[in-house]
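Attaching a predicted model along with its sequence, questions to come.
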Amino acid sequence: MIPDVEFRRLQWRCRRGLLENDLVLQKFLAARRDSLDDGKLSTLNDLLALDDNSLWDLLSGRVQSVPECPEPRHHEMLEWLRAC
């Protein structure tokens, strides 16, 4: 489990300009906080570095990958996010 300070930073980063992203990310954090390790946190941060529209396209399944996040770990995290 990640420390409280780091978790609060992550919550802040998950606040996005698109409500749809906010809803998915907040639900994910509530459900999976205890399951986030350093590797998963790093992968999530990669996805959070995307602009809002690209992130929503991935979360909604409109696109399957983007050049910024091509690795299998990114696809695994997206599946984990979508499952919440």
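Cool, got the structure. Numbering: from 1, shown residues only.

Can you point out the buried residues in stretch 15-23?
Neighbour counts using 16 or more other CB atoms under 10 Å place 16, 21 of stretch 15-23 among the buried residues. Using the backbone N, CA and C atoms, a C-beta is placed for each residue, glycine as well.

hmm, who's touching the longest helix along the chain?
The longest helix of the chain (DSSP state H) is helix 19-32. Here helix 19-32 makes contact (CB atoms under 8 Å, 6 or more residues apart in numbering) with 7, 10-11, 14-16, 52, 55-56, 59-60, 80-82, 84.

Of these, which is the most crowded?
Leu55 (24 neighbours; other CB atoms under 10 Å).

in what helix or strand does that one lie?
Following DSSP states H and E, one finds Leu55 within helix 52-60.

and the angle from that helix to helix 19-32?
50 degrees (axes from the mean of the first three to the mean of the last three CA atoms, to 10 degrees).

Packing partners of helix 52-60?
helix 19-32, helix 38-48, helix 72-83 (3 or more CB pairs under 8 Å, 6 or more residues apart in numbering; DSSP states H and E).

Does anything pack onto the second one? Which helices or strands?
The elements that helix 38-48 packs onto, with contact taken as 3+ CB pairs under 8 Å, 6+ apart, are helix 4-13, helix 52-60, helix 72-83.
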